[in-house]
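S.K.: pasting a predicted model and its sequence here:
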Amino acid sequence: MEANVVPLSQSDEIQRLAKTVERLERVVTIGQMLNSTLDLAQLLETIIQTAADLLGTQAASILLMDERTGELFFAASTGSSREELREIKVPLEGSLAGAIYRTGEPIIVGDVSSDSRHYTGVDHSISFHTRSLLGVPLQVRTRCIGVLEALNKLNGEQFEESDVHILLAMASHAAIAIENARLVANLREANRRLSDLDRLKTNFISIASHELRTPLMIVQGFASFLREQAGGDMTRHQMASDLDMVLRGASKLQAIIDQMTNLNYLEAGLSDLKRENLVVQNLLEDIAREWGPLAAAKQQTLTINMPPTPILIHADRSKIDLALSNVMNNAVKFTPENGHITLQVVSHTGRVEIAVIDDGVGIPKEELGRVFERFYQVEDHLTRHYGGLGLGLAIAKEVVEQHGGRIWAESGDGQGCRFRITLPTVYVRLTGVSQ
């Protein structure tokens, strides 16, 4: 019996088909594994390592769309330059990845140096030489969320159609797994925020009820007393003194209500900013006039150190006033009688720094990072004697950040406190400016 002899070309084709089937079976196995994990970082790592291994390439990467910037970013990559790649943005126009994302079609390029769509910025940034590339879209139904790339076939080989099918199969599993992991991560974040809101609500009810009770009792008590004495023999001095108590109680209620109103007001966000050019020195002088009488009542010394040349910011006056007033309120409240408070302005290139410095009780270093949280109090809300809802500094932080600035505190327990605010400045030649 004669043995059947299989031609060499047919044998090669059989081996190639067997290899493709083996790789597809592995893709199915990987797909099952991908759908069993919701850890996005682990998921991305598995995808790129498997893609590089299955296709026999030097590197592989996943680029996802940043909805805020409209650019692609490296969510994961093989090799030692991962951190550098995370900082690189790839444009949709003028890049192979962008072309894949926009068209939703795979692309094979045997020699990227001859393709004008190749974005060389990545290679230059990480000192990598891309020779050949295969990229496929990551699609969830009809929506593209990113691109899966394989770079540089090993041993000088070229990408083939079978590689495209393998990477497309890999991408179909990967896209669904990535989307599921993102949805779960978003759900966890939403649950965390709901938990935080519930905690804030509990704190708010506890603090507000404690804070509102005292001034309300003062108003009610003295109002009742004045009614009883209305027909009696009261001196003008007694009447004035009692009315002062009522007014102080009412003022404290008003301050608490203002803080809650301001918090809701700030939630509206950046769209509510009504910007104009303002002179920083004028703002600080107004704040000093506003808080000077209260500081004087506590025998506190209030001083201002500012450069003579006007410094301009482009800001919403009412909100900046609110932020500065809240920081000043904190300084006056926590500085003892006969203490010192300084308002200081320092000009830097492109920004101005405003500092409110006091020699009060200070803030423990371990608490500095939390004083800007809403409703946060350094002291326990039942034992503290300084009062307040813990909203002032939180509001100040939101206002400053809305204006592209930064606020932070420097202190130590019993060492006084320095609040620093930096804001971007506007360069305008000023002649007799008055705001």
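M.R.: Structure received. Residues are numbered from 1 along each chain as shown.
S.K.: from here on, contacts and neighbour counts on C-alpha atoms
M.R.: Will do.
S.K.: so how many other residues sit close to Gln299?
M.R.: 14 (other Cα atoms under 10 Å).
S.K.: that should have said Thr422, apologies.
M.R.: Residues near Thr422, counting by other Cα under 10 Å, number 22.
S.K.: quickly note the distance from it to Ala181.
M.R.: According to Cα to Cα, to the nearest Å, Thr422 stands 38 Å off from Ala181.
S.K.: next one: Gly79
M.R.: The span separating Gly79 from Ala181 equals 24 Å under the rule Cα to Cα.
S.K.: how about Glu337?
M.R.: From Glu337 over to Ala181 (counting by Cα to Cα), the distance is 57 Å.
S.K.: now swap in Val279 and tell me
M.R.: The spacing between Val279 and Ala181, counted by Cα to Cα, is 49 Å.
S.K.: buried set for stretch 155-165?
M.R.: By neighbour count, with 16 or more other Cα atoms under 10 Å as the criterion, the buried positions of stretch 155-165 are 158-159, 162-164.
S.K.: and for stretch 180-191?
M.R.: Applying 16+ other Cα under 10 Å to stretch 180-191 flags 180-181 as buried.
S.K.: how about stretch 53-71?
M.R.: 54-65, 71.
S.K.: as a markdown table, the residues you listed with secondary structure would be great.
M.R.: Compiled in a markdown table, the buried residues of stretch 53-71 are given as follows (DSSP: H, G, I helix; E, B strand; the rest coil):
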| residue | secondary structure |
| --- | --- |
| Leu54 | helix |
| Leu55 | helix |
| Gly56 | coil |
| Thr57 | strand |
| Gln58 | strand |
| Ala59 | strand |
| Ala60 | strand |
| Ser61 | strand |
| Ile62 | strand |
| Leu63 | strand |
| Leu64 | strand |
| Met65 | strand |
| Glu71 | strand |
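S.K.: and those residues as TSV, adding pLDDT and distance to Ile287?
M.R.: Putting the buried residues of stretch 53-71 into TSV (pLDDT from 0 to 100; distance: Cα to Cα, whole Å) gives the following:
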residue	pLDDT	distance to Ile287
Leu54	84	67
Leu55	87	67
Gly56	88	68
Thr57	91	65
Gln58	91	63
Ala59	90	60
Ala60	91	58
Ser61	90	55
Ile62	91	53
Leu63	91	50
Leu64	91	48
Met65	89	46
Glu71	89	44
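S.K.: returning to what we had before: can I get the buried residues of stretch 155-165 in a markdown table with distance to Asn330 and secondary structure?
M.R.: Compiled in a markdown table, the buried residues of stretch 155-165 are given as follows (distance: Cα to Cα, whole Å; DSSP: H, G, I helix; E, B strand; the rest coil):
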| residue | distance to Asn330 | secondary structure |
| --- | --- | --- |
| Gln158 | 68 | coil |
| Phe159 | 67 | coil |
| Ser162 | 69 | helix |
| Asp163 | 65 | helix |
| Val164 | 64 | helix |
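S.K.: ok, Gln415 touching Asp358?
M.R.: No - in this structure, Gln415 sits apart from Asp358 without contact. The criterion is Cα atoms under 8 Å, and the distance is 9.0 Å.
S.K.: residue ranges in the stretch 201-350 of the chain under the pLDDT threshold?
M.R.: Applying pLDDT under 70 to the stretch 201-350 of the chain picks out residues 201-272.
S.K.: can you rerun that using 80?
M.R.: Residues of the stretch 201-350 of the chain that meet the criterion pLDDT under 80 lie in 201-273, 293-294, 297-298.
S.K.: domains in this structure, by residue range?
M.R.: Taking automatic domain parsing as the domain assignment, the ranges for the chain are 8-188, 197-266, 271-424.
S.K.: neighbour-wise, which of Gln415 and Asp358 wins?
M.R.: Neighbours were counted for Gln415 and for Asp358 using other Cα under 10 Å; Asp358 has more, 28 against 15.
S.K.: may I have the secondary structure class of the closest residue to the more buried one other than its chain neighbours?
M.R.: Ranked by Cα to Cα, 6 or more residues apart in numbering and with sequence neighbours excluded, the top spatial neighbour of Asp358 is Ile341, at 4.5 Å. For Ile341, the reduced secondary structure class is strand; criterion used: three-state DSSP.
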